[in-house]
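*Asks:* build me a structure from this.
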Amino acid sequence: MKQKVAVLGVSKDTPAAQKKFQEKYQLPFPLLADPGLEVHKAWGVWGKKVMYGKEVEGTIRTTVLVGADGKVERVFEKVKVDGHVAAVLEAL
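*Replies:* Numbers count the residues shown, from 1 in each chain. Here you go, the predicted structure:
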């Protein structure tokens, strides 16, 4: 069964940095700039995390599935690249 979905990426990078990243990896979806971290903080994806054994503050990689009605259907927290696409596709 095919699902109609929209994919968006959000990062704290500038629009210029995002455009470069999008072109480098040939991403077929829009990237939204959030340099002021308003979206990150509203969605709870900015905070303390451990990276290379040190506690740092930064983006907590997360995937959020939002239904056509605007309600959150599923949240994938602390996303790891390996196997993530398959897990999201299965959840659709």
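*Asks:* the residue lying closest to residue 7 once chain neighbours are set aside: what secondary structure?
*Replies:* Using CB to CB, 6 or more residues apart in numbering and skipping the chain neighbours, the partner closest in space to residue 7 is residue 29 (4.0 Å). To be clear about C-beta, it is placed using only N, CA and C from the backbone, and glycine gets the same treatment. Secondary structure, DSSP: H, G, I helix; E, B strand; the rest coil: residue 29 is coil.
*Asks:* can you tell me, leaving aside adjacent residues, what's nearest to residue 49?
*Replies:* Using CB to CB, 6+ apart, the nearest residue to residue 49 is residue 60, at 5.6 Å.
*Asks:* pretty sure that neighbour contacts residue 45?
*Replies:* Yes: the pair residue 60 and residue 45 passes the contact test of CB atoms under 8 Å, sitting 4.9 Å apart.
*Asks:* these two: which has the busier surroundings?
*Replies:* residue 45 (21 against 16; other CB atoms under 10 Å).
*Asks:* residue contacts, that one?
*Replies:* 59-62 (CB atoms under 8 Å, 6 or more residues apart in numbering).
*Asks:* and with 7 Å instead?
*Replies:* Residue 45 is in contact with 59-60, 62, counting by CB atoms under 7 Å, 6 or more residues apart in numbering.
*Asks:* can you put those residues in JSON lines and add distance to residue 72 and pLDDT?
*Replies:* Formatted as JSON lines, the contacts of residue 45 follow (distance: CB to CB, whole Å; pLDDT from 0 to 100):
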{"residue": "59", "distance to residue 72": "18", "pLDDT": "91"}
{"residue": "60", "distance to residue 72": "16", "pLDDT": "90"}
{"residue": "62", "distance to residue 72": "11", "pLDDT": "91"}
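*Asks:* among these, name the ones in strands.
*Replies:* Using DSSP state E, the subset of these located in strands is residue 59.
*Asks:* one step back: the residue nearest to residue 49 reaches residue 51, doesn't it?
*Replies:* No: assessed by CB atoms under 7 Å, residue 60 is found out of contact with residue 51, at 10.7 Å.
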